[in-house]
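Asks: prediction below, plus the sequence it came from.
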Amino acid sequence: MLRAGKCAVLGAAVASMAVTAGAQSRRPMTIDDMMALKNVGGPAISPNGSLVVYTVSAWEHPNANPAKGDTARGDKHEVRSHLWLVPADGSRPARQITFSDRGESQPQWSPDGSAIAFLSARGTASADEQPRREIYLLRLDGGEAEKITEAKEGVTGFRWSPDGSRIAFLSVDSLPKTTEAARKRRDDPQVYEGDFRLSHVWVVDAGTKKERELVHTTEFSVRGAPDWSPDGKRIAYVTTPTTLLRDERRNAFVVDASTGAAERIDGGADVQGTPLWSPDGRSLAFTTLRQTHPMVPDSMPFREIQNAHLVLYDVATKRPRDVSAGFDNSPGALTWTSDGKSLYFTAGDRVYSSVFRFDIASGKYTQLTQREIVRGLSFDKNGNRVAMVIDSPMSAGDLYSSDATFASPRKLTNANPQLAGFALGESEVVTWKSSDGQQVEGVLLKPVGYRTGQRYPLLVDIHGGPTGAHNIGFKASWGSPGQFWAGQGWAVLYPNPRGSTGYGEKFMRGNVPDWGGGDYRDIMTGVDAMIARGVADGDKLAVSGWSYGGYMTSWVVTQTNRFKAAMEGAGLTDLVSMYGTTDIPGYIASFFHGVPNKETLEFYRQRSAITFVDNVTTPLLILHGGNDQRVPIGQPMEYFRALKDRGKTVQLVFYPREGHGFSEYYHQMDKIRREFDWINRYTLGAAKSVSSR
């Protein structure tokens, strides 16, 4: 784990010595090694602070045949999570407590700490459908997990009432029997941007298991888990008029848990997440996003490229108070302190994710962690202890516990002990000045066995978004396989050009309206900086990216021939057709002065890679999900055809069933292997394919 101050320096020094001393006994990570990693998440500390339940997710291979030596390559591969339990003081090792075939998720302690509720899809699958996720209850004094709900369409989120007698949950509306029958016989025409399956709040009695729908309406769908008032009489929740991803409209409500009478909360702007009750029930805390763009004809606003604001809502006077002054980022994962005097939250902090506290009386924000990647805060009832997951540059995330100062977190798990046997590349935060003097930051992952003064081939990995950011976490996944590249002798640069989050609102808006302008120059000056440092070989450069990173990759190869090879993943190349086909057109419009029309059309075209396709000389690999609705498949097809018809070196690979990201085992493996083979071949002249092992 990367620690603040002297600990960070000491940790880096120890890691460096370890790599050097153990280079002969350790081996680089393979693709199989990355696919075998376990991921820790969902921590929930018990009310008394003594135990932590959490999830561990990994690929499972139920059809593998050990008798034939086939332990990891069965014909069925699914990511599943299971629940684990560990003492918060680390006095005993963690142990797995659930083992169902389809896994478990979202653990929550009962208010008295005697039981854990979770979601799981159990039972036998029929010819028509799989079992739905329901709420189960596992009592710590023994026995099998007990199913609490019988929601026909399953449960998506839930929350205990303060006294533990009831659970509020969300479930999607069931289809009429006639519609179900029609769909089964494939009489199923779909109205584009219609036929919404709305979600509503239900309440189940934990003892009798009797369920009732609290509010039913065709006017909105409820998002996220609801939140109970401290006296258990009211429930807060947030809604959206449709289930369209691009629908940014949000409203919040408080409903009477007995009568179902609901009242809208006026937060002064669109409420972004479930309002959270203060311990005394007098206030609600939430974040909002102000809409400054006019509504387009279908009544949906463009996406706002700005920070979310922290708001406190006085329940008695019904007045919101924006308290975001002094904090130049978007707060996330709000949690009240037990005395109601402060709020904890996490937020992007350059290449880290830090914990902050907001003091309500003074209006002051205090940063509690430094140079850490923290997620999933969970406090005990008295606010004395907190559980969390901390990621590091040299290891996948593990579970930690701490007191409320976050001064000395205690590591509770070692989910991936096999990492001790791998030779890993070291990560370093690097900065440089762009062509206009703008300070830019990124992460440099050095090759295994890096030697100062020796130059290495450099891969530039561009993040998605553009309102996203690279962090300094462990790079060993299908979407960010940097440790595999490091083991093959490559350096990898992860730039955070203007438009990235975690650097304040002005920087985040730095590419509005300037895709392919300042952001492109930020990336290229980063490449120059790595060459000037003596790390990168200027004759052995490659570039890749996914989503907006795919856009930028397709753009980069039209603007420069410095890169020997490139991989464009899920990339948008024609911004005009992208606007008309993507499921988030308002997001694109936010960066380009509105919808494509006679005033803006030329600007869309001038920032589209396909307009400059004649300039491309870099061999380009294009990878795309066959069912991608975010960046529809016409985007790579247009670009491929334009390149192919001009005699350019290009290959387009579609992955059936995949959306904007990849969820299938062999597709993830193929993406890593195919990208490396292509880039290695055209950058280094190495025609030999790398195996997964």
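Replies: Noted; the coordinates are in hand. Numbers count the residues shown, from 1 in each chain.
Asks: can you give me the buried ones in the helix or strand that contains residue 444?
Replies: If you go by DSSP states H and E, residue 444 is part of strand 439-445. Buried residues in strand 439-445, counted by 16 or more other C-beta atoms under 10 Å: 440, 441, 442, 443, 444, 445. For every residue, glycine as well, the C-beta is placed using N, CA and C.
Asks: what pLDDT does the residue minimising distance to the centre of the chain get?
Replies: Centroid-nearest residue in the chain: residue 468, 9.7 Å away (criterion: C-alpha atoms, centre = their mean). pLDDT, residue 468: 96.
Asks: from what I can see residue 395 touches residue 416, true?
Replies: Yes - between residue 395 and residue 416 a contact is recorded at 6.8 Å, counting by C-beta atoms under 8 Å.
Asks: which SS state does residue 672 fall under?
Replies: helix (DSSP: H, G, I helix; E, B strand; the rest coil).
Asks: hang on, it packs against residue 481?
Replies: Yes - counting by C-beta under 8 Å, residue 481 is a contact partner of residue 672 at 4.8 Å.
Asks: tell me, what's touching those two both at once?
Replies: 31, 34 (C-beta atoms under 8 Å, 6 or more residues apart in numbering).
Asks: show me where the stretch 151-300 of the chain has its helices.
Replies: 177-184 (DSSP state H, counting those that start in this stretch).
Asks: now do the strands in it.
Replies: 157-160, 166-172, 199-205, 211-213, 221-228, 234-240, 251-256, 262-265, 270-271, 276-277, 283-289 (DSSP state E, counting those that start in this stretch).
Asks: next: the stretch 451-600 of the chain.
Replies: Counting by DSSP E, counting those that start in this stretch, the strands of the stretch 451-600 of the chain are 456-462, 491-496, 536-546, 565-569.
Asks: nearest to residue 427, out of those strands?
Replies: strand 491-496 (8.8 Å; C-beta to C-beta).
Asks: packing partners of the strand holding residue 444?
Replies: For strand 439-445, the contact count by 3 or more C-beta pairs under 8 Å, 6 or more residues apart in numbering; DSSP states H and E identifies strand 427-433, helix 482-487, strand 491-496, helix 518-532 as packing neighbours.
Asks: can you give me the buried ones in the last one?
Replies: Buried residues in helix 518-532, defined by neighbour count with 16+ other C-beta under 10 Å: 518-527, 529-531.
Asks: ok, so of the residues you listed, who is nearest residue 216?
Replies: Out of these, the member with the shortest distance to residue 216 (by C-beta to C-beta) is residue 519, at 46.0 Å.
Asks: residue contacts, the closest one?
Replies: Counting by C-beta under 8 Å, 6+ apart, residue 519 has contacts 466, 497, 498, 499, 510, 511, 552.
Asks: looking at the residues you listed, which two lie furthest apart in space?
Replies: For those, and using C-beta to C-beta, no pair is farther apart than 510 and 552, which are 14.0 Å apart.
Asks: more neighbours: those two, which one.
Replies: residue 552 (31 against 22; other C-beta atoms under 10 Å).
Asks: what's the neighbour count on the closest residue to the more buried one other than its chain neighbours?
Replies: Excluding the flanking residues, the one nearest residue 552 by C-beta to C-beta, 6 or more residues apart in numbering is residue 462, at 4.7 Å. Residue 462 has 29 neighbours, counted by other C-beta under 10 Å.
Asks: got it, and residue 324?
Replies: 19.
Asks: residue 621: which of the helices and strands packed on strand 439-445 is closest?
Replies: Per C-beta to C-beta, nearest to residue 621 of those: helix 482-487, 14.9 Å.
Asks: packing partners of the closest one?
Replies: strand 27-28, helix 31-35, strand 422-423, strand 439-445, strand 491-496, helix 665-684.
Asks: now with 7 Å?
Replies: Applying 3 or more C-beta pairs under 7 Å, 6 or more residues apart in numbering; DSSP states H and E, one finds that helix 482-487 contacts strand 491-496.
Asks: what about the strand it packs on, distance to the chain center?
Replies: Chain-centre distance of strand 491-496: 19 Å, with C-alpha atoms, centre = their mean, to the nearest Å.
Asks: surely the residue nearest to residue 552 touches residue 555?
Replies: No - Residue 462 is beyond contact range of residue 555, at 9.9 Å (criterion: C-beta atoms under 7 Å).
Asks: the contacts of residue 519 in helices, which ones?
Replies: Applying DSSP state H to those, the entries found in helices are residue 552.
Asks: dump the residue contacts of residue 683.
Replies: 457, 540, 542, 564, 565 (C-beta atoms under 7 Å, 6 or more residues apart in numbering).
Asks: repeat the analysis, applying 8 Å as the threshold.
Replies: Residue 683 neighbours (C-beta under 8 Å, 6+ apart): 457, 540, 541, 542, 564, 565.
Asks: and the first one, how many neighbours?
Replies: Yep, that's residue 457 we're talking about. Neighbour tally, residue 457, other C-beta under 10 Å: 23.
Asks: residues contacting it?
Replies: Applying C-beta under 8 Å, 6+ apart, the residues near residue 457 are 489, 490, 491, 536, 537, 540, 541, 542, 683, 684.
Asks: in JSON lines, list those residues along with pLDDT.
Replies: Output for those, formatted as JSON lines (pLDDT from 0 to 100):
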{"residue": "489", "pLDDT": "97"}
{"residue": "490", "pLDDT": "98"}
{"residue": "491", "pLDDT": "98"}
{"residue": "536", "pLDDT": "98"}
{"residue": "537", "pLDDT": "98"}
{"residue": "540", "pLDDT": "98"}
{"residue": "541", "pLDDT": "98"}
{"residue": "542", "pLDDT": "98"}
{"residue": "683", "pLDDT": "98"}
{"residue": "684", "pLDDT": "96"}
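Asks: residue 314 reaches residue 281, doesn't it?
Replies: No - here residue 314 lies out of contact with residue 281, judged by C-beta under 8 Å, at a distance of 11.4 Å.
Asks: of the two, which one has the most company?
Replies: Just comparing residue 314 and residue 281: by other C-beta under 10 Å the higher neighbour count belongs to residue 281, 18 against 12.
Asks: distance check, that one against residue 225.
Replies: Per C-beta to C-beta, to the nearest Å, residue 281 is found 18 Å from residue 225.
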